[in-house]
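[1] could you work out the structure for the sequence below:
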Amino acid sequence: MRRKDKEIQDPSIIESILATNQVLRVAWMTEEGPYLLPLNYGYREGRLYIHSAKEGRKIEVSKAYPKVCFEVSDSIQVLQADTPCGFTTRYRSVIGMGRIRIVSDPYEKEVGLSIIMEQITGKTGWKFLSEMMDRLVILCIDIETLSGKKSKI
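    Purely as a prediction, here's the structure:
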């Protein structure tokens, strides 16, 4: 990281950013170029879970290009000024790399969806109908690297 003064060095803050937000941006590098999506997600113990339909570009690129980059940010606030170069932004963000995979184990699939639902709603104890589980795919990003950055303001 170029700006060491902005680096988040406390792993618990990075964990908190991942565990409390609701939008994850995932980027794949394909033959056609970058492919970036904002997605709802759930985070737990070094893994990011995403739900998806069984078909579509996200599934195809995940199979073909499992190495991904991701980003989560929060506390974003634009601070205005009287001059263009005086404007700045208050923020915290986490960027990481990992490998994305389709969850095939039925138990992990249900656990992943429960984690997503808990992160989005704050509620636990969700029950999922087998017909619903059969219609969706759970993707898991096994995190390999993480770094955090925040504004100095």
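[2] flag every buried residue along stretch 70-77.
    70, 72-74 (16 or more other Cβ atoms under 10 Å). (C-beta placed from N, C-alpha, C; glycine too.)
[3] repeat that for stretch 87-98.
    For stretch 87-98, a neighbour-count test (16+ other Cβ under 10 Å) marks 91-96, 98 as buried.
[4] pLDDT check: weakest of the buried residues of stretch 70-77?
    Lowest pLDDT within the buried residues of stretch 70-77 is found at residue 74 (91).
[5] so which helix or strand takes in it?
    Using DSSP states H and E, the element containing residue 74 is strand 67-79.
[6] one step back: of the buried residues of stretch 87-98, which is the nearest to residue 8?
    Within these, the smallest distance to residue 8 is 6.9 Å, found for residue 92 (Cβ to Cβ).
[7] now do the same for the closest one: helix, strand or coil?
    Judged by DSSP: H, G, I helix; E, B strand; the rest coil, the three-state class of residue 92 is strand.
[8] could you double-check that residue 47 lies in contact with residue 141?
    Yes - using Cβ atoms under 8 Å, residue 47 is in contact with residue 141, at 6.7 Å.
[9] these two: which has the busier surroundings?
    residue 141 (25 against 17; other Cβ atoms under 10 Å).
[10] tilt between the helix or strand that contains that one and strand 67-79?
    Element membership for residue 141, per DSSP H and E: strand 136-150. In terms of direction (axes from the mean of the first three to the mean of the last three Cα atoms, to 10 degrees), strand 136-150 departs from strand 67-79 by 50 degrees.
[11] so where's this protein uncertain?
    1, 153 (pLDDT under 70).
[12] so the residue at the greatest distance from the centre of it, which state does it fall into?
    The centre of the chain is farthest from one residue, residue 82, which by Cα atoms, centre = their mean lies 35.2 Å away. Following three-state DSSP, the label given to residue 82 is coil.
[13] tell me the phi and psi of it?
    Backbone torsions for residue 82, taken as degrees, to the nearest 10, come to phi -80, psi -20.
[14] which of the three states applies to the closest residue to residue 123 other than its chain neighbours?
    Computed as Cβ to Cβ, 6 or more residues apart in numbering, the closest residue to residue 123 that is not its neighbour in sequence is residue 117, at 7.1 Å. Put simply, residue 117 is helix when judged by three-state DSSP.
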